[in-house]
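>>> I'll drop the sequence and a predicted model, then ask my questions.
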Amino acid sequence: MIGDYVGIPYRLHGTTREGLDCWGLPRLWYLEQYGVELPSFGDRYGRTLDAAERAHIAAIVRGEAAHWQCIERGQEQRGDLILFRVAGDEAHLGIVLEAGRFLHARQSVGSCVERYDSPIWGRRVAGFYRWRWQ
């Protein structure tokens, strides 16, 4: 099942298996795994990922926090979202697969599985979030 999501090419504003960004991947996952259609923000951010755009994306994330329940580290479960700081902005998302492992879409790699407790990602973790089922 996880293999179905690994190797999808990266595409800014992408929402399909032909290409996904770091928000498109959770949208696809939630739709296929839970039947939940998460909102699209493609019209709210630009076509580049420069510093100004990362700050803008971080503002979108903060504004949408009301739909998500903050989860204490150690309480995260499969399907929870993990928010990362990139260059100081909370602007990158992944999906918790199990303790220590997450799925995300990277520009240079596409969708892949990595460890969020690794030296590279561990210091960037900004929080864990669970969709408030309505």
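Right, received. Where do you want to start? Just so you know, these numbers come straight off a predicted model, no measurement behind them.
>>> Mind naming the longest strand for this protein?
strand 89-98 (DSSP state E).
>>> Now do the helix or strand that it is followed by against strand 89-98: the angle between them, please.
Later in the chain than strand 89-98, the nearest helix or strand by DSSP states H and E is strand 101-106. Counting by axes from the mean of the first three to the mean of the last three C-alpha atoms, to 10 degrees, strand 101-106 lies at 140 degrees to strand 89-98.
>>> Pull strand 101-106 out as PDB, backbone CA atoms only.
C-alpha atoms of strand 101-106 as PDB (Å, rounded to 0.1, in the frame of the first residue of the first chain):
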ATOM      1  CA  ARG A 101       8.800   7.200   9.500                       C
ATOM      2  CA  PHE A 102       6.900   9.500   7.100                       C
ATOM      3  CA  LEU A 103       5.900   9.900   3.500                       C
ATOM      4  CA  HIS A 104       6.400  13.200   1.700                       C
ATOM      5  CA  ALA A 105       7.000  14.800  -1.600                       C
ATOM      6  CA  ARG A 106      10.400  16.400  -2.200                       C
END
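>>> Show residues contacting that strand.
2, 5-6, 8, 10, 14, 20-22, 24-25, 29, 82, 92-97, 111-116, 121 (C-beta atoms under 8 Å, 6 or more residues apart in numbering). C-beta coordinates here come from the backbone N, C-alpha and C atoms, glycine included.
>>> So which of these sit within helices?
Counting by DSSP state H, the contacts of strand 101-106 place 24-25, 29, 121 in helices.
>>> Who wins on neighbours among those residues?
Gly24 (26 neighbours; other C-beta atoms under 10 Å).
>>> my guess is that residue contacts Pro9, does it?
No - counting by C-beta atoms under 8 Å, Pro9 is not a contact partner of Gly24; they are 10.9 Å apart.
>>> if we can go back for a sec, what lines up beside the longest strand of the chain in the sheet?
Strand 89-98 pairs in its sheet with strand 81-86 (antiparallel), strand 101-106 (antiparallel), by DSSP bridges.
>>> List the buried residues in it.
Judged by neighbour count using 16 or more other C-beta atoms under 10 Å, the buried positions of strand 89-98 are 89-97.
>>> could you dump the residues you listed to CSV with pLDDT and distance to Arg132?
As requested, the buried residues of strand 89-98 are exported to CSV (pLDDT from 0 to 100; distance: C-beta to C-beta, whole Å):
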residue, pLDDT, distance to Arg132
Asp89, 81, 24
Glu90, 82, 19
Ala91, 80, 21
His92, 89, 21
Leu93, 91, 16
Gly94, 96, 19
Ile95, 97, 16
Val96, 98, 16
Leu97, 97, 21
